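Asker: missing the sequence, but the structure's below:
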């Protein structure tokens, strides 16, 4: 039976890796997801076979049914605008599960001092590591969910200069409690209290780390917490001698770490700086110019926007969270088709952290069947803006802010942005003049060659499309 279980695990791991390879592009992402899902199903079957002597089959089956009932409907019916929140929630559930597994195993064994055999270092360290990181990931993900869902303010919430010393004390406290348990310096009753202390201190640390991080950094935070969840799962697998948890956890941890690093580079910020928080709490006064004089944004109409784009040689569409909120991707595709029929070249500029999760804009546009070849990454498209007649910005604020290049006092100074301001003409679709998720005003909106088309993005694009049809 051991050979069968190991064989199934090997098949599952192969499907995990092959499925992950499929996620490198929109054309193969759905297939890659399905392959990885089948691999996980095989891993679950193998695990159930390996615990065939258990007397808790009813609880196992009940847990599977409850998990399916709670997991499938949100994944199926959640709109793309809320997908970042769903990712944060699912990631938090994973971290919380790992923490509970570590706690459960500790309770079942009555503390590490009552194993049938003397527990090895990897069991003790793995369990305690899983408890700490899993608890951090769970509570941190809850805060990320709250900020993305706007239940909590997107601005940083913290104690200022006292925040980092507090975080350090919480981390030291959690590690110290874990060390006390690991060396067996207490009796069983007291050791249970120390284990609870580990979970509580780590949980408070998760809250304390994510609360001071501004909304603009949430995509990176989600990716980082995802990596931590993977590492905690691998540690729990090491303690439980479960190969499936070890491999799956390491895959999630490694891929999440790589993605977090790439996103941090896209923002020209280090991961420690992001974790330190404080970014996204405000910015320049709306409409403030470099000389302190207030400026006014120029409004335009759908008819004027249609005329500008119809007679352009090249139009670059810059999608942002505003397009996601309005679900305007299909309307944008229809508008682009009309422009291309008139001989206008249409491209899409995708910033790595546009939206509120990695690849948010890519997924939305792929859903509307926009050609993958038309989607251009920041490094590939930035040189095109100076040769572009019209740049159409749909709800993208922070990733188009020229202050990141020009204003050393700006909180986002040094962050790579799309060079939208270099286009000959810029049309910005927004509901209002409110700042973006980072809470920083964008001087692009007040530039002489920029005009604002106010309203719901989907309705605005639809109105432009109707005007194009009449030309």
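Answerer: Perfect, I can see it now. Quick caveat: nothing in here was measured; it's all calculated off a predicted structure. Residues are numbered from 1 along each chain as shown.
Asker: give me the pLDDT for the residue nearest to residue 367 when sequence neighbours are not counted.
Answerer: Taking C-beta to C-beta, 6 or more residues apart in numbering, and ignoring the residues beside it in sequence, residue 367 has residue 329 as its nearest neighbour in space, at 6.2 Å. For the C-beta atoms, the positions are set from N, CA and C on the backbone; glycine is no exception. What the model reports as pLDDT for residue 329 is 92.
Asker: just the one 5 residues further on next, same as before
Answerer: As predicted, residue 334 sits at a pLDDT of 95.
Asker: list the buried residues in stretch 144-153.
Answerer: By neighbour count with 16 or more other C-beta atoms under 10 Å, stretch 144-153 contains the buried residues 144, 145, 146, 147, 148, 152.
Asker: which ones are touching the second one?
Answerer: Right, residue 145. The contact partners of residue 145, by C-beta atoms under 8 Å, 6 or more residues apart in numbering, come to 85, 88, 89, 92, 151.
Asker: neighbour-wise, which of the residues you listed leads?
Answerer: residue 88 (28 neighbours; other C-beta atoms under 10 Å).
Asker: that one reaches residue 223, doesn't it?
Answerer: No. Residue 88 is not in contact with residue 223 according to C-beta atoms under 8 Å; the separation is 10.4 Å.
Asker: could you export the contacts of residue 145 as JSON lines, including distance to residue 138 and pLDDT?
Answerer: Output for the contacts of residue 145, formatted as JSON lines (distance: C-beta to C-beta, whole Å; pLDDT from 0 to 100):
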{"residue": "85", "distance to residue 138": "15", "pLDDT": "86"}
{"residue": "88", "distance to residue 138": "11", "pLDDT": "89"}
{"residue": "89", "distance to residue 138": "10", "pLDDT": "91"}
{"residue": "92", "distance to residue 138": "5", "pLDDT": "92"}
{"residue": "151", "distance to residue 138": "17", "pLDDT": "87"}
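Asker: what's the closest of those to residue 242?
Answerer: Closest to residue 242 out of the contacts of residue 145 is residue 92 (21.4 Å), distances taken as C-beta to C-beta.
Asker: with adjacent residues omitted, what lies nearest to the closest one?
Answerer: Nearest residue to residue 92 in three dimensions, chain neighbours excluded: residue 141, at 2.9 Å (C-beta to C-beta, 6+ apart).
Asker: ramachandran coordinates for the one you found?
Answerer: Phi and psi for residue 141, reported as degrees, to the nearest 10, are phi -70, psi -30.
Asker: same question, residue 313
Answerer: Its backbone dihedrals place residue 313 at phi -90, psi -40, with angles given as degrees, to the nearest 10.
Asker: may I have the predicted confidence score for it?
Answerer: pLDDT at residue 313 comes out at 95.
Asker: what is the neighbour count of it?
Answerer: Number of residues near residue 313 (other C-beta under 10 Å) recorded here: 11.
Asker: cool, and the one 10 residues further on?
Answerer: For residue 323, the count of nearby residues is 29 (other C-beta under 10 Å).
Asker: my guess is it meets residue 331, correct?
Answerer: No. In this structure residue 323 lies outside contact range of residue 331 using C-beta under 8 Å: 9.2 Å.
Asker: what about the stretch 151-300 of the chain, any weak spots by pLDDT?
Answerer: Filtered on pLDDT under 70, the stretch 151-300 of the chain yields the residue ranges 185-189, 215-216, 277-294.
Asker: quick one: residue 246 and residue 32, what's the gap?
Answerer: Distance check for residue 246 against residue 32: by C-beta to C-beta, to the nearest Å, it reads 22 Å.
Asker: hmm, who's touching stretch 361-372?
Answerer: For stretch 361-372, the surrounding residues in contact (C-beta under 8 Å, 6+ apart) are 25-27, 29, 80, 83, 319-320, 323-324, 329-330, 332-333, 336, 348, 350-351, 354-355, 375.
Asker: do the same with stretch 16-34
Answerer: Judged by C-beta under 8 Å, 6+ apart, the contacts made with stretch 16-34 from elsewhere in the structure are 35-37, 39-40, 247-248, 251, 255, 362-363, 366, 372.
Asker: flag every buried residue along that stretch.
Answerer: For stretch 16-34, burial by neighbour count (16+ other C-beta under 10 Å) applies to 16, 19, 20, 22, 23, 26, 29, 32.
Asker: gap between the two ends of it?
Answerer: Stretch 16-34 has its terminal residues 10 Å apart, counting by C-alpha to C-alpha, to the nearest Å.
Asker: model confidence over that stretch, on average?
Answerer: 85.
Asker: for the stretch 301-450 of the chain, what are the low-confidence residue spans?
Answerer: Filtered on pLDDT under 70, the stretch 301-450 of the chain yields the residue ranges 435-439.
Asker: I appreciate the help and will end here.
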